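Peer 1: here is a sequence together with a model predicted from it:
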Amino acid sequence: MPEVDGWKVLDTLTQVQFPPRVIVITAHGEENNERTVKEKGGWAYVEKSHLIDDIKETLKSGSTV
């Protein structure tokens, strides 16, 4: 995404009238990313190194970040 980053996409999606559940997936996990995703209204946060296991668990439990 040459003109916007994932944080801008998350901000935009969570401000629409009927915001979707947003799962942020990153290969560049940083210490505060999960907390930031939750604060910005994201539904879940997954680092690619744990992608498959985390997605299965998130969908099974229905939990949020």
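Peer 2: Perfect, I can see it now. Residues are numbered from 1 along each chain as shown.
Peer 1: residues touching the most centrally placed residue in the chain, list them.
Peer 2: Centroid-nearest residue in the chain, with C-alpha atoms, centre = their mean: Val24, separated by 2.3 Å. Val24 makes contacts with 6, 10, 33, 37, 42, 44-46, as judged by C-beta atoms under 8 Å, 6 or more residues apart in numbering. The C-beta positions use only the backbone N, C-alpha and C, and glycine is treated the same way.
Peer 1: also Leu13?
Peer 2: Neighbour list for Leu13: 19-20, 22 [criterion: C-beta under 8 Å, 6+ apart].
Peer 1: whichever of the residues you listed end up buried, select them in PyMOL.
Peer 2: To isolate the buried ones among the contacts of Leu13 in PyMOL, judged by 16 or more other C-beta atoms under 10 Å, type:
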select buried, resi 22
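Peer 1: mind putting the contacts of Leu13 in TSV, distance to His28 and pLDDT included?
Peer 2: Formatted as TSV, the contacts of Leu13 follow (distance: C-beta to C-beta, whole Å; pLDDT from 0 to 100):
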residue	distance to His28	pLDDT
Pro19	24	91
Pro20	23	94
Val22	17	94
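Peer 1: return the closest of the contacts of Val24 with respect to Gly62.
Peer 2: The shortest approach to Gly62 among the contacts of Val24 belongs to Ala44, at 10.2 Å (C-beta to C-beta).
Peer 1: burial count for that closest one?
Peer 2: The number of residues packed near Ala44 is 20, by other C-beta atoms under 10 Å.
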